[in-house]
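Chemist: Show me the folded form of this:
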Amino acid sequence: MTDTRKTALVIGASRTLGLGLAAEYLRRGWDVVGTVRGVRRTGLHDLADASEGRLTIESLEMTDPEQIAALRDRLARRTLDLLFVNAAIARGDHPIGEVPTDTFTEVLVTNALSPMRVVEVLGPLVAPTGTIGVMSSDQGSITLNTDGGQDLYRASKSALNQLMRCYAARHITGTRTLLLMDPGWVRTELGGLEADLSVEESVPGVAETIERHRGRPGLHFVDHQGQVVPW
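Modeler: Below is the predicted model:
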């Protein structure tokens, strides 16, 4: 009998939203490949132990281009139905003029450049009718920025959105669905304890929104409720 299970690759799946997304796709009957940094045991390892072989773990430092290429080589025989990149850092809430150059570089490399390197290198592994998604934020929306604050984080997500737009323009005739996903304000290390949503409340909506956009080529900037986020 032919195995018809779909396969998702979740980049940055060791905790919070990435871990929740890996668990959600397992619940939906998918096979999942999740990446972690380094060799330390994480919640993803516990999830893998209970997955009956449906979850495999790969090591990836996303800011290292050689590691991205090596992961592509290791997965070369697999066809992905979903590639989802979940990774971001924040380094405090300071006016941009007070941000050290090395901190600016670190955040932009982690939040914008590295996810797009993953998309460029691993995107060809995604089936022609599959989906490539990256975790964005409504804080990357220029239109919605009426209060300011979080200058560096906002700039990094806006840069990610623009670079994903460039990618979409270069693949304008492609048949894959491309998503910029806003998960909502979630209680994570980045979101803080006062955020509106738990991971368990956000993730099912993220997965459902991804599913609803399957088969709709082109780039979509949407939130966990399926609503369009303004650029």
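Chemist: What ranges does the protein have for its helices?
Modeler: 16-27, 43-49, 65-74, 101-108, 114-122, 151-170, 199-212 (DSSP state H).
Chemist: What average pLDDT does the second one get?
Modeler: Pointing back at helix 43-49 there. If you average the pLDDT over helix 43-49, you get 96.
Chemist: Which one, of the helices of the chain, ends up nearest to Thr188?
Modeler: Thr188 lies closest to helix 16-27 among the helices of the chain, at 4.4 Å (C-beta to C-beta). Just so you know, the C-beta spots here come from the backbone N, C-alpha and C atoms, and that holds for glycine as well.
Chemist: who does the strand of greatest length in the chain pair up with?
Modeler: The strand that spans the most residues within the chain, counting by DSSP state E, is strand 126-135. Using DSSP bridges, the strands paired with strand 126-135 are strand 80-85 (parallel), strand 177-182 (parallel).
Chemist: of all those, which lies closest to Thr188?
Modeler: Using C-beta to C-beta, these put strand 177-182 closest to Thr188, at 13.6 Å.
Chemist: Just want the angle from that closest one to helix 16-27.
Modeler: 130 degrees (axes from the mean of the first three to the mean of the last three C-alpha atoms, to 10 degrees).
Chemist: from the chain's centre, how far out does strand 177-182 sit?
Modeler: In terms of C-alpha atoms, centre = their mean, to the nearest Å, the centre of strand 177-182 is set 9 Å apart from its chain centre.
Chemist: what does stretch 69-82 give?
Modeler: That offset, for stretch 69-82, works out to 16 Å (C-alpha atoms, centre = their mean).
Chemist: Please apply the same query to stretch 130-147.
Modeler: For stretch 130-147, the distance to the chain centre is 12 Å (C-alpha atoms, centre = their mean).
Chemist: And stretch 148-163, by the same measure?
Modeler: Chain-centre distance of stretch 148-163: 15 Å, with C-alpha atoms, centre = their mean.
Chemist: now stretch 86-100
Modeler: 19 Å.
Chemist: returning to that earlier point: distance to Val33 and mean neighbour count added to the helices of the chain, as TSV?
Modeler: Below are those laid out as TSV (distance: least, C-beta to C-beta, whole Å; neighbours: other C-beta atoms under 10 Å):
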stretch	distance to Val33	mean neighbour count
helix 16-27	9	24
helix 43-49	10	16
helix 65-74	9	14
helix 101-108	27	14
helix 114-122	10	20
helix 151-170	21	19
helix 199-212	16	19
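Chemist: Turn those into JSON lines, including distance to Gly140.
Modeler: Formatted as JSON lines, these follow (distance: least, C-beta to C-beta, whole Å):
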{"stretch": "helix 16-27", "distance to Gly140": "16"}
{"stretch": "helix 43-49", "distance to Gly140": "26"}
{"stretch": "helix 65-74", "distance to Gly140": "22"}
{"stretch": "helix 101-108", "distance to Gly140": "12"}
{"stretch": "helix 114-122", "distance to Gly140": "12"}
{"stretch": "helix 151-170", "distance to Gly140": "3"}
{"stretch": "helix 199-212", "distance to Gly140": "16"}
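Chemist: just so I know, which of the ones you listed lies nearest Leu144?
Modeler: helix 151-170 (9.7 Å).
Chemist: which other helices and strands contact the closest one?
Modeler: The contact analysis (3 or more C-beta pairs under 8 Å, 6 or more residues apart in numbering; DSSP states H and E) places helix 151-170 against helix 101-108, helix 114-122, strand 177-182, strand 218-223.
Chemist: Many thanks, we can stop here.
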